[in-house]
Every structure is written in structure tokens, then in C-alpha cells.
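*Asks:* Got a predicted structure here, sequence first:
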Amino acid sequence: MRHLLSINQFTKNDILNLVSQTAAIKASFENYSDKLAGKIVATLFFEPSTRTRLSFESATLRLGARVIGFADAMTTSTKKGESLEDTIKIVNGFADLIVMRHFETGAAERAAAVSQIPIINGGDGSGEHPTQALLDMFTIYEENSKLKVQSSKPQLKTQNLENLRIAFVGDLKYGRTAHSLSQGLAHFNPTYYFISPLTLRLPDEIKQKLTAQNIKYQELETWNKIAGDVDILYMTRVQKERFADLKEYERVKDNFILNKQTESLFRQNCLFMHPLPRVCEIDPSVDNDPRAIYFKQAHNGVWMRMALMMKFLKHET
Amino acid sequence: MRHLLSINQFTKNDILNLVSQTAAIKASFENYSDKLAGKIVATLFFEPSTRTRLSFESATLRLGARVIGFADAMTTSTKKGESLEDTIKIVNGFADLIVMRHFETGAAERAAAVSQIPIINGGDGSGEHPTQALLDMFTIYEENSKLKVQSSKPQLKTQNLENLRIAFVGDLKYGRTAHSLSQGLAHFNPTYYFISPLTLRLPDEIKQKLTAQNIKYQELETWNKIAGDVDILYMTRVQKERFADLKEYERVKDNFILNKQTESLFRQNCLFMHPLPRVCEIDPSVDNDPRAIYFKQAHNGVWMRMALMMKFLKHET
Amino acid sequence: MRHLLSINQFTKNDILNLVSQTAAIKASFENYSDKLAGKIVATLFFEPSTRTRLSFESATLRLGARVIGFADAMTTSTKKGESLEDTIKIVNGFADLIVMRHFETGAAERAAAVSQIPIINGGDGSGEHPTQALLDMFTIYEENSKLKVQSSKPQLKTQNLENLRIAFVGDLKYGRTAHSLSQGLAHFNPTYYFISPLTLRLPDEIKQKLTAQNIKYQELETWNKIAGDVDILYMTRVQKERFADLKEYERVKDNFILNKQTESLFRQNCLFMHPLPRVCEIDPSVDNDPRAIYFKQAHNGVWMRMALMMKFLKHET
């Protein structure tokens, strides 16, 4: 467990420990302001990012560590043809931990194969985005805790992530956040609805994993039949460019847009989530709905990433 | 006064307090090295910048705070179509204050409308550049103080900004620095000469404001008649690209160039200012003239911006 | 000695002092963590860089100082036509030391001519890269010390850099690292072999210097005759784009590629060095050869640059 590459490397217990640790950090982040003093974190972003890079950098600074790195690989020797492996081996001498995003699936694994310092995968192509899945789970846990406190039902600690019915909506073929989160929640007896155009369905490889894990799931083309049943609506971007036929895009896109009309299909305590950025798939008029928690979700990235960097830099939970 | 969007939100007294505070910081900046310890400032630059971004970052560090951000929006989710509003709401969770520059007039106001943390406008299109106006006023105050100390005349504190005759020269239509400074100095009974090609005159909206404020001003096409009278020559860039007709550009440009010849038209205690960058409108041979204070002016940006960030982060002057 | 522009400004004694200082820093870098507290270093990179920029930034942070700057001049007023001189004069007000890289030979000298704060040349066109030469010399010294300790021969301190036979290989015309290192080692009675295509030979100006310094050197088109004799093989990139005739490139390139076959031509205690990035001139299969020290070499950049910034910011060695 030297590197954070995939959500699959965490046990159920690991995930619950990280969620607790994140809650403790969020409650009193000032107490962590020198936990990583003297450390240097390199953020190597080969692909654009706002949330992941800036929240990792904010988390680094809130732990008293410092940042070096790049947001545009064209300002680096990558432009001169340097390999990813060489770049990683070089930065090993300049930093204590590397956070990287790359446009190629598997890039984080290639980096880890040559790195003496921890690699944290901040998204690799259409592969994984494990830190997003972890902050998503923390957000679900936290929001469900509030709902349950309001309803005053006694509960076991893990119940906040257990037995959820979750609709993943959008581009499930290339969307790495859905790939990672559906694996992360697999420890908690979920029911999944995968709602996407036929051409953008979840990869077979992930469906085979879910089957092996005995996870109940259905693939659908619209949310009409299940909207009233789900606890979480996890929206992702549907990119026009993914469609060979734009008519097909026009035909299906309205099935994947949350707005003032469609939000009424969902239950009053359903949570609306999105890894962001969004383009048109959630109308801004939904933002004020109390079920819309996607900005809170993004903000939780700082606290979860503080927990993760402490874990991977100090080799403890 | 949660956000700094326009120079018009400051009273005369606000401006004088900021000028005093800036003078105090400049005199002993080491004493401020932990005033904002633990804070994170986000610098979000959607348009190129050297002075504004680097001086805000230097000011942030000199106050003990830390920086996250971007200098190129194409490295962020803006490239994926994320709205300015969403970017601002996201960064709200990662930082304590946002400094932003944007190519669209009104962008800072749009940002402030959705932000829970202070927004400081570092230039929005052809709109405003209020922190530039404030550092300009500090620079005028400081330089005039030196001149008056040398001449040993007793004076009231505000006299250093009062009753000035100022020539604004260049592209006054799109030049946001002239827009903001002419409003900032309007509290101090100035006389303005707006010297520009006919096609690049000050916008009507600003002229109407000046008229309502009872400010004396003239619009001119050359500085020939007034050069000997002005206390301050405030130069700005005239961009060739602004002219539909390049012959027109060639015809007028020499009216707006300060060089070894034209500098002799101005008085010995006139101050030559420029928000920079310059291209050809001030010849480098002028730099050694004691009246040329544009580099000092740029350097003062650090001290004024320290004062501003303290004010907006601590809600005090 | 206010600026670091050229390797030629260092005496033999200066170099040995810097090498000692670097060894001391490397042995206990934690002891230097607040040596430059309160200082701001500006890294101004007008040309892509990974190693130089990130190692300077890491070095800055490990000394307790802070960084501002840019990795892409197109995000700055350079895009609006600002001159290098103006940019430098502006940054003088925002930082305590400037590290710069520029695509034009002589740019660092132009910057120094107008700067009140120290300039460190991080590479200027095909001119110089003095900090690379210094870290190269530290690396040679350190590796030779290990070899000699193993062979238990007593030695004078300077012997680790004395009397070396060095093959410089690749593009010696435009390769600034070879230019600087061949001058830096000239104090230590070296023998040089310059191995390059005819069209990419060392500039006459440098050969004339070497002749005046009484340095023994030969120019060759292949390493075949001297491979078995050299103590150091210093590889550099041969860029395809440098050849007018691609057939010529194809004909010569195999003379300049180190791989599992060609590595056997070199002695068991020869050191394989490269300033990196490499493209195809060293095959990754060579990386595990104990003679391959190019990653160690890059990592040593942090320690040498810490020594240099301390020297130039505090005006002491």
C-alpha cells in the first residue's frame, strides 16, 4: 500500500477508517496545520483540472507542506519527448509524494512501477479516479448522517453507506469517477442502476467484477422507472464528442438532464451528486434544491485528500 | 464591502486610510510576515498578467499566507466548458480569498454574486482595475510627499492628492486603468485631460459620471497645449490592433509617444506614470529621467495589495 | 559576483568550495530549513523545463523561502510585447532573487544588466547552463569519492575532479550543458573527446578558449577508438530537427546511442552522465547499469542549487 492507484486496494475497513479520519480533520482542520511540515508534494497534471489539482494543493498547504509541479505538461520536458517514467524518476529527487493526473489509462501504474516515493492517482484516462470515489463516499456518509440524525433513528456506524440504491447517469464507458465509485461502494451491499446511452455503457470488465462481487445492478436507457426509488443520483457529463451520430446525441440527451422538471421525479431525501465540471446535464436552477450537494461534495475533497496524504506520507491511517 | 469590485465603492476616507496603511506596511513589511498565517489566497487568472498576479502572490507570501491558482485557464475545467460561476463556487471550498482577472467586463461582479469568500477584481475586460488605481494613488501621494518635503512647504495630509492636473494618454476607451484611476481621484478635486485618438475616447458612461461629480475635464487629440501644465502624465498602451485603419494609427501614434524629445514638453516636477506593460509608447531612454516613476509604481503594488488583502480577509482597514 | 551568469566566473577554489558546501547540505538538508526564511525567489521560465525549474523550486522550499513565477511566458505580459528588461525590472520589486531560463543566448546577461537583485542563469539559448555544470561537477566528485574509497587509495581532496578523460557526445554546437561543463572542468587538467556529427561540432569560440587554457582535446565522429579510455561519458541529446538531411541523421545516429551493445565498450568504472531529458540516445535498458548515474545527477540539482541560492542571496559561500 505504498501508492494510491485504484479504489480496489482499499478494504471496507480501510474506507471506514478514512471516512472517520476525514470527519475528524473537517471538524478541526486547524489542528493539522503542521502535520506534514517540511514535506514537498509534487502535483504533476498532464491533463486539465480545477478541483483535483487545487484541492490537493489546498490540502497540502493546510497540512503545512509545500507544493511544486505543473498544470500544463507542455511547459515541461514532456514537450521535448521525455517519457512519463523519466519524469517520475526525476521528480523522485525533488519531492516526497507525487499526485498525478494523466490522459492515458494505466499511467499511474506505470509511474508507480518506477517510483520510490508514493504516487497518488488523480485520474488516469478512462481508468480510475480513486480519491474522487473516497471523497464521494465521505460525502454520502456525512449527508446520510445528517438525514438520520434528523429522523432520530439509532444506527450502526456503517449503516450510512450500507444498502444504498444508486443511479449512475451519463457516460459510463469513459467516466472514470463512476468506475471508481461503483467499486468503492461495492463493499456496502448497494443496488446500482447504470443509466446511459447504449454506446456509453459501463465497460464489460467492470460489470464482470460487479457480478463476481454479487452486486445487484441493472442497465437502463432512462431513469423513468427507477427515479422514485433511488437514494443517490450520481450524474456525470455526457460529452457530445463521444457520439458518432449527433442525431443520436440529440435523441438521448434529454434523458440525462436534471432540471426543474426532472428533479421532481426523485425522492425528497435523494442526494444529487456530480463529480463536476458539469456542462448542461444539471441546470443551475437545481443548485438551490437542498438535495443538490455537488458543491459540498467538491469541497470535501480537501479534507479527504488531507487524510490521504497523511496516510501515504506517514504510512499510517 | 465584502468584495473589491470597483474603485467607486471606496469613500475619500477609505482611500486615505488605505494609503496610510500602505505607507506603514512599506516602511516595515517584516512586521507583517504572519498577519495572514494559515490563510490561502487563490489567484485565478483567465487572462495573461505579470504585475498583478506576481505582486498579489508576493504580497500573499509576505503576509505569511499561501497561494493556489492558475495563470492559464486552459489548464482548468474552463476548457471542458465549466462556467465562471461554478469555478468560483468550487474554489470557495479551497481558499479564503480569491483574486481574479478575466477578459470579460463584469466578470468580477458575476463572481461576487455567487461567492461566500471575498473576491478582489484584478481587472475585468475593459471594465475596472481598482487595485491598480489604489496603488497609483499611493504612488502619487508618496512621490508628492517627497517633492513637498524637499520644498519644505507645510501641508495638510490630503494635499498630496488634492487639486492635481492629470493627463491620461492613450487608449481611454478600453483602458481599464484610466477608468478606475479617474474615478478614484475624483474625490480630490482634480482637473483631467483625456488625450486619445478620436476612436479611443473615454466611454460616455464615465464622462457622465465625471460630469455628475463636477469634475473639470477636457478631451484632446494631442498633449501639445497642456503638457506644460500637468502634474501627472498617465500613459497607457495604444494597441495597433484597435485601429480599423492602420494609416490612422501611423498618423496619430506620435502624439502618444514619450521620448527624449517629447519629455521636454513637461514640467520638471511632473510625474510620468504608466500601469505597464508598455510597448512603444514610452521609449526606454526616458527610464532614467527622475520624473519617470512607472517602475516604482509597479513595485508599490505589493504594499497596497498587502493592505487590501488584510482589509478584506479580516474585515478591517 | 552579484549574478550567476557563466561558469567562467568561478575560480577553481570557488568550485571546490561549492562542491564541499553541497556535500554538507546533502548530508543534513534538514538543518537548512530556515536559512532563507522570509525570502521570495522568482522562477521566470521563458522555455520549457522540468528539472531546472522544479529542482530550483524544491531547493527554495527546502531553504524555507517561497516561490513566485511562471512556467509559460505566454501567460504573462510577454504576450503583450513586454521586453525582457521590463519584466526583470518589475520582478525586482516582487522577489529577492530571480532564476531564469530563456530561449535566447545572452538573455541572462541582458537581465543582469538591469537587475538590482541577483539573477541566476538557468539556461540561455545555446549559451550557458552554469548551474548544470556545477551539479555535474558535484556528481563527478561524489561518485569518484565512492570509487576511490572502495579502492582504498589515499588521495588529495581535489583529485576527484583532476585529470579526468571525458567524452562529450551529441549535439555540441547547440548543447549549452557541454559548453558550460567543459569550461568548468578546465580548471582540473582534463582530457576532452568531443564526439559529434560534423555539423554539430563545438563552436569555435569555445575551442579557442580551450586552446588558450592549454586543454587537451580531440574532435571525433565516433567513440570507437576512445571508449575504452574515458572516465566519464557525458551524453547529450541529438535532435533530429538539427539535420538538414535526414539521411545524414540516419547514417550518424547510431554512433551516439548508448544501449546494451555499446555500453560494453566502456570501462567498468566509467560514469555515464546525461543532463536529461533524453529521447533515444540512452536506451532505458542501460538505467540499471551501476555506471548509469544520470538520475542521481539530476537529483543532486536540489543540493547544489540550495548552495547557490544561499551564496547569491547572502553574498557568502
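*Replies:* Perfect, I can see it now.
*Asks:* Grab the nearest non-local neighbour of the residue nearest the centre of chain A.
*Replies:* In chain A, the residue lying closest to the centroid (C-alpha atoms, centre = their mean) is A:Gln132, at 1.9 Å. Spatial nearest neighbour of A:Gln132, excluding adjacent residues (C-beta to C-beta, 6 or more residues apart in numbering or on different chains): A:Thr177 at 4.9 Å. Placement of C-beta: from N, CA and C, glycine included.
*Asks:* For that neighbour, which three-state class applies?
*Replies:* What DSSP: H, G, I helix; E, B strand; the rest coil gives for A:Thr177 is helix.
*Asks:* residue contacts, the residue lying closest to A:Asn8 once chain neighbours are set aside?
*Replies:* In space, and not counting its chain neighbours, A:Asn8 is closest to A:Gln183: 5.6 Å by C-beta to C-beta, 6+ apart. By C-beta atoms under 8 Å, 6 or more residues apart in numbering or on different chains, the residues touching A:Gln183 are A:Ser6, A:Ile7, A:Asn8, A:Ala133, A:Ile206, A:Lys209.
*Asks:* pLDDT wise, what is the third one at?
*Replies:* What it means is A:Asn8. A:Asn8 carries a pLDDT value of 97.
*Asks:* ok, now the last one?
*Replies:* Residue-level confidence at A:Lys209 comes out at 97, pLDDT.
*Asks:* Please report phi then psi for it.
*Replies:* phi -60, psi -50 (degrees, to the nearest 10).
*Asks:* mind listing what it touches?
*Replies:* By C-beta under 8 Å, 6+ apart, the neighbours of A:Lys209 are A:Gln183, A:Ala186.
*Asks:* how close does it get to B:Leu202?
*Replies:* 66 Å (C-beta to C-beta, to the nearest Å).
*Asks:* do the same with the second one
*Replies:* Applying C-beta to C-beta, one obtains 58 Å for the distance of A:Ile7 from B:Leu202.
*Asks:* Mind listing what's buried along the helix-or-strand element of chain A with minimal mean pLDDT?
*Replies:* Ranking every helix and strand in chain A by mean pLDDT, DSSP states H and E puts helix A:246-252 at the bottom, with a mean of 82. Neighbour-count burial for helix A:246-252 flags A:Tyr249, A:Val252 (criterion: 16 or more other C-beta atoms under 10 Å in any protein chain shown).
*Asks:* Check stretch A:286-294 too.
*Replies:* Going by neighbour count (16+ other C-beta under 10 Å), the buried part of stretch A:286-294 is A:Val286, A:Arg291, A:Ala292, A:Ile293, A:Tyr294.
*Asks:* Farthest pair within the residues you listed?
*Replies:* Across these, the longest distance by C-beta to C-beta is 11.1 Å; it joins A:Val286 and A:Ile293.
*Asks:* what sits in contact with each of these two?
*Replies:* Counting by C-beta under 8 Å, 6+ apart, the shared contacts of A:Val286 and A:Ile293 are A:Phe272.
*Asks:* Spell out the secondary structure type for the residue of the stretch 151-300 of chain A found nearest chain C.
*Replies:* Residue nearest to chain C within the stretch 151-300 of chain A (C-beta to the nearest C-beta): A:Pro277, separated by 21.0 Å. Assigned state for A:Pro277: coil (three-state reduction, three-state DSSP).
*Asks:* mind checking how far it is from B:Ala95?
*Replies:* On the measure of C-beta to C-beta, A:Pro277 and B:Ala95 end up 18 Å apart.
*Asks:* Over to A:Gly125?
*Replies:* According to C-beta to C-beta, A:Gly125 stands 29 Å off from B:Ala95.
*Asks:* and if you look at A:Thr139?
*Replies:* 20 Å.
*Asks:* Now do the buried residues in stretch A:292-304.
*Replies:* A:Ala292, A:Ile293, A:Tyr294, A:Phe295, A:Gln297, A:Ala298, A:His299, A:Asn300, A:Gly301, A:Val302, A:Trp303, A:Met304.
*Asks:* do that stretch and chain B meet at all?
*Replies:* Yes. In terms of C-beta under 8 Å from any C-beta of the partner chain, part of stretch A:292-304 sits within range of chain B, namely A:Phe295, A:Ala298, A:His299, A:Asn300, A:Gly301, A:Val302.
*Asks:* Could you grab the helix/strand/coil label for the second one?
*Replies:* Right, A:Ala298. A:Ala298 ends up helix, using three-state DSSP.
*Asks:* Quick one: residues contacting it.
*Replies:* So A:Ala298 contacts A:Arg51, A:Ser55, A:Leu276, B:Ile90, B:Gly93 (C-beta under 8 Å, 6+ apart).
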